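Engineer: After the sequence you'll find the predicted model.
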Amino acid sequence: MSRPPFASPDEAPSGRLIRSAPYFPVPDLERPLEYYDRVLGFGCDYAGGTPPEFAIVSRDGLSIMLKLVPASTQIVPNEQQEGTWDILFWVTDARALHAELAAKGADLVYGPTVQEAYQWSRSGRSSR
């Protein structure tokens, strides 16, 4: 059963979830931080350690955590573990976002598609 989101935090009951931040292990932090910024439009909100071992990037109020995991064999996308996606964002215009990312050189797997059964439009990008 689906409920509409609250229009404002004042309308929400106490204990309401207000944000989430998926976690991506990465074998190198510098390259993903540059890619998320330059190509995907995520700014770096926080980087911890010298050199950095953990970072939080965000775009449009949505965050992703990146954690340095030197043993790259420990990094396995959900899709390779019989899962589906590593992350899912709902967006206002999938085609416009796809065009923006393509223009910036994003590693896109496929273009926008419509999931009629779910009334979804989507666009795919490979894991980084």
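Structural biologist: Done, it's in.
Engineer: can we go C-alpha only for contacts and neighbour counts from here?
Structural biologist: Noted.
Engineer: Now Ala71. Its backbone dihedrals?
Structural biologist: With angles defined as degrees, to the nearest 10, Ala71 sits at phi -80, psi 90.
Engineer: show me what contacts it?
Structural biologist: Pro27 (C-alpha atoms under 8 Å, 6 or more residues apart in numbering).
Engineer: try 10 Å
Structural biologist: Applying C-alpha atoms under 10 Å, 6 or more residues apart in numbering, we find Ala71 in contact with 25-27.
Engineer: ok, it to Lys104 distance?
Structural biologist: 30 Å (C-alpha to C-alpha, to the nearest Å).
Engineer: What is the burial count for Ala94?
Structural biologist: If you count neighbours by other C-alpha atoms under 10 Å, Ala94 ends up with 20.
Engineer: Which secondary structure state is assigned to Leu101?
Structural biologist: What DSSP: H, G, I helix; E, B strand; the rest coil gives for Leu101 is helix.
Engineer: May I have the secondary structure class of Leu97?
Structural biologist: Going by three-state DSSP: Leu97 is helix.
Engineer: Do you know the pLDDT at it?
Structural biologist: pLDDT for Leu97: 90.
Engineer: Surely Leu33 touches Glu53?
Structural biologist: No - Leu33 is beyond contact range of Glu53, at 11.2 Å (criterion: C-alpha atoms under 10 Å).
Engineer: which regions of the chain sit below the pLDDT cut-off?
Structural biologist: 1-13, 78-79, 81-84, 114-115, 118-128 (pLDDT under 70).
Engineer: and the end-to-end length of stretch 37-47?
Structural biologist: 13 Å.
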